[in-house]
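Undergrad: sequence and predicted model, in that order:
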Amino acid sequence: MEIDSEILLEWSDLEFDYRPKSTYWFQKVLGAGVIVVIISILLGNILFAVFIGIGTFVLLMIGSQKPKHESYAITKRGIRIGEKIHVFSTLESFWIREEEKPYKFVIKARGTFSPPIILPLGVIDPDEIREHLQGRLRETPRDKELLESISEYIGI
């Protein structure tokens, strides 16, 4: 796949905002998971206990990840994240959250169950993004989704 498709705007930043977690955070997550697993076993729901055990493990792994430095670009074909290009025909709209620092570039892909793609803008001027996407992708205001709010609340 061709990576550079006439780059209009390019920047790089960490792939997500990192929030360091204390040992206490990991203990709380593990403790809550163990308690729910024990209660599930006592109630005879082994499948749910396994599901919660796996979920707790995944949450601990996600919580311990550190962000990588990623490159982003707006090209004539679409929006590039690392080496993957999201072609404009597969995207529905975008929104720039300017009420948050650093600014967030939110992209909505086509499809009912497609989660939003959220990119940090770093030092890029939001008006520059709008200028390059004008006529290619419509700007539609979007609120934070429930899953995003929950993720922020628990620190992942």
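TA: Now that the structure is in, tell me what you want to look at. Residues are numbered from 1 along each chain as shown.
Undergrad: quick check: phi and psi on the residue nearest in space to the middle of the chain?
TA: Nearest to the mean C-alpha position of the chain, by Cα atoms, centre = their mean, lies residue 118 at 5.0 Å. Backbone geometry at residue 118, expressed as degrees, to the nearest 10, gives phi -110, psi 120.
Undergrad: and it, how far from residue 19?
TA: For residue 118, the distance to residue 19 (Cβ to Cβ, to the nearest Å) stands at 15 Å. All C-beta spots, glycine's among them, are computed from the backbone N, C-alpha and C.
Undergrad: my guess is the residue nearest to the centre of the chain contacts residue 106, does it?
TA: Yes - with contact defined as Cβ atoms under 8 Å, residue 118 reaches residue 106; the gap is 5.4 Å.
Undergrad: contacting residues for the closest residue to residue 104 other than its chain neighbours?
TA: Excluding the flanking residues, the one nearest residue 104 by Cβ to Cβ, 6 or more residues apart in numbering is residue 97, at 4.2 Å. Residue 97 is in contact with 103, 104, 106, counting by Cβ atoms under 8 Å, 6 or more residues apart in numbering.
Undergrad: number of nearby residues for residue 110?
TA: 10 (other Cβ atoms under 10 Å).
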